[in-house]
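Visitor: Provided below are the primary sequence and the corresponding predicted coordinates.
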Amino acid sequence: MGEVLSQDEIDKLLNQLSSGELDAQDLADDTEKQVREYDFKRPSKFSKEHLRTLEIIFDHYGRLLSTHLPAYLRKTVQVEVMNSEAVTYAEFSNALANPVLLGIVNFAPLKGNIVIELAANLGYAIVDRMLGGGGEPLDKNRDFTEIELSIIERVFGVCVNLLREPWQNVVAIEPRLERIETNSQFAQIISPGEMIAIITINISVGEVEGLMNICLPFICLEDIMDKLNTKYWFSTLQDSDDMDYKVIIESLIDKAPVPMKAVLGKSSLQVIDFINLQVGDIIKLDSKVDDELDIYVGDMLKFKALPGSASDNYAVKVTSVVREE
């Protein structure tokens, strides 16, 4: 909003215009809009709103990684989204080190693939940890062996499967890891001049720290670009009614098996009597024939009941509910 002039300032300005001290053309030139250059080699296909929404999505993804990876690596994993930016694919591929871990992921039903780059030191630490070591990286980088790549592929598969949940508010995806490349020249999924969004995530596995870069080409996200905004994101979150979760949880609890037992009575025996028990011996209980039985759900007394039979099976008839914690 422009600065508001006082009445004295307005009078002085009018006096300067009438006396010729100030030219009206100069004022008009100052208010002209500035021309902004547009680089056709780097078209701005990703707005700040798009990048912000992607950060929200992958912030959720980071929480899933920090929850699930410790089960495989048996070590604490901390994940943090660092930043997001839009660059060309050539800039991304030229910045890759050698060797590199590139996971080529089919992002069905969206068109094309995405690329997940994992820092080499994290790859060595994962292999060392999966083989029973302390999770230490190598002092000097070298090429990964076939066995090491097979081990890393398992962890990559877990990371790829976790992509489903963060994206479900935008689009239902079925990501699939197609292959892992250690040479960036064999990972040319799009032309070098195409625009991509890069989400940089910092991952700490124990004491080892490295980066994971997720490369999202524009041609892959083109069909859902209108959904990559915070307004759409939060509106879909509100559509998810809490009652839906309540019904799902109740249905799962309804199917859970619960042990129940009817206690006819209790008695105390000496060890010598217990050892010498024979068939036909009678054990005196602390309850009478016409007393109600205690019905336990798990270890909690919940019902009182009378003994009986149903279809040649022993049964009990509930007579009252025990309202106790």
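Guide: Great, that's in hand. Numbering: from 1, shown residues only.
Visitor: The nearest residue to residue 173 once chain neighbours are set aside and residue 108: what is the separation?
Guide: Excluding the flanking residues, the one nearest residue 173 by Cβ to Cβ, 6 or more residues apart in numbering is residue 167, at 5.0 Å. C-beta coordinates here come from the backbone N, C-alpha and C atoms, glycine included. Residue 167 sits 12 Å away from residue 108, going by Cβ to Cβ, to the nearest Å.
Visitor: anything in contact with each of those two?
Guide: Common neighbours of residue 167 and residue 108 (criterion: Cβ atoms under 8 Å, 6 or more residues apart in numbering): residue 173.
Visitor: The two - which one has more neighbours?
Guide: Taking other Cβ atoms under 10 Å, residue 167 and residue 108 do not tie; residue 167 has more neighbours (18 against 12).
Visitor: what's the pLDDT at the more buried one?
Guide: Looking at residue 167, its pLDDT is 81.
Visitor: Do a quick rundown of the helices in the stretch 1-150 of the chain.
Guide: 7-19, 24-30, 48-73, 89-94, 120-130, 146-161 (DSSP state H, counting those that start in this stretch).
Visitor: meant to ask about the stretch 151-300 of the chain
Guide: Counting by DSSP H, counting those that start in this stretch, the stretch 151-300 of the chain has helices at residues 164-167, 218-221, 230-239, 242-254, 271-275.
Visitor: and the ones you listed, which one's lowest on average pLDDT?
Guide: Across the helices of the stretch 151-300 of the chain, helix 230-239 gives the lowest mean pLDDT, at a mean of 59.
Visitor: lowest-confidence helix or strand of this structure?
Guide: One helix or strand of the chain scores below all others by mean pLDDT, DSSP states H and E: helix 24-30, with a mean of 57.
Visitor: Just to check, residue 292 is in contact with residue 318?
Guide: No. Between residue 292 and residue 318 there is no contact, the gap being 9.8 Å when judged by Cβ atoms under 8 Å.
Visitor: what is in contact with the two at once?
Guide: Taking Cβ under 8 Å, 6+ apart as the criterion, residue 292 and residue 318 both touch 304, 305.
Visitor: neighbour-wise, which of the two wins?
Guide: Higher neighbour count among residue 292 and residue 318: residue 292, with 16 against 13, using other Cβ under 10 Å.
Visitor: who's in contact with that one?
Guide: So, once contact is read as Cβ under 8 Å, 6+ apart, residue 292 ends up touching 304, 305, 306, 319, 320.
Visitor: Specify the local secondary structure of the first one.
Guide: On the three-state scheme (DSSP: H, G, I helix; E, B strand; the rest coil), residue 304 is labelled strand.
Visitor: Likewise for the last one?
Guide: Reducing the assignment to helix, strand or coil with three-state DSSP, the entry for residue 320 is strand.
Visitor: Name the nearest residue to it, ignoring sequence neighbours.
Guide: residue 304 (4.5 Å).
Visitor: Count the residues that sit near residue 150.
Guide: So residue 150, with other Cβ under 10 Å, has 12 neighbours.
Visitor: do you know how far it is from residue 127?
Guide: For residue 150, the distance to residue 127 - Cβ to Cβ - is 10 Å.
Visitor: For residue 206, find the nearest of the helices of the stretch 1-150 of the chain.
Guide: Closest to residue 206 of the helices of the stretch 1-150 of the chain, according to Cβ to Cβ: helix 120-130, at 7.4 Å.
Visitor: just for this protein, where's the confidence low?
Guide: By pLDDT under 70, the low-scoring segments of the chain are 1-5, 19-44, 230-245, 324-325.
Visitor: hmm, 80 instead?
Guide: Scanning the chain for pLDDT under 80 picks out 1-47, 97-99, 134-142, 169, 183-193, 224-252, 255, 289-290, 323-325.
Visitor: List the buried residues for stretch 52-67?
Guide: Judged by neighbour count using 16 or more other Cβ atoms under 10 Å, the buried positions of stretch 52-67 are 53, 54, 55, 56, 57, 58, 60, 61, 62, 64, 65, 66.
Visitor: Same check on stretch 164-180?
Guide: Buried residues in stretch 164-180 (16+ other Cβ under 10 Å): 166, 167, 169, 170, 173, 175, 177, 180.
Visitor: now swap in stretch 294-306 and tell me
Guide: Quick answer for stretch 294-306 (16+ other Cβ under 10 Å): 294, 295, 296, 302, 303, 304, 305.
Visitor: cool, and stretch 96-113?
Guide: Judged by neighbour count (16+ other Cβ under 10 Å), stretch 96-113 contains these buried residues: 96, 99-107, 110, 112-113.
Visitor: quick one on the thing from earlier: could you redo the buried residues of stretch 164-180 as CSV and give each row distance to residue 86?
Guide: Shown next, in CSV, are these (distance: Cβ to Cβ, whole Å):
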residue, distance to residue 86
166, 20
167, 19
169, 22
170, 18
173, 21
175, 22
177, 25
180, 25
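Visitor: farthest-separated two in those?
Guide: 169 and 180 (28.6 Å).
Visitor: which residues sit in contact with the nearest residue to residue 210 once chain neighbours are set aside?
Guide: Leaving aside its chain neighbours, residue 210 sits nearest to residue 119 (3.1 Å; criterion: Cβ to Cβ, 6+ apart). Neighbouring residues of residue 119 by Cβ under 8 Å, 6+ apart: 101, 203, 210, 211, 212.
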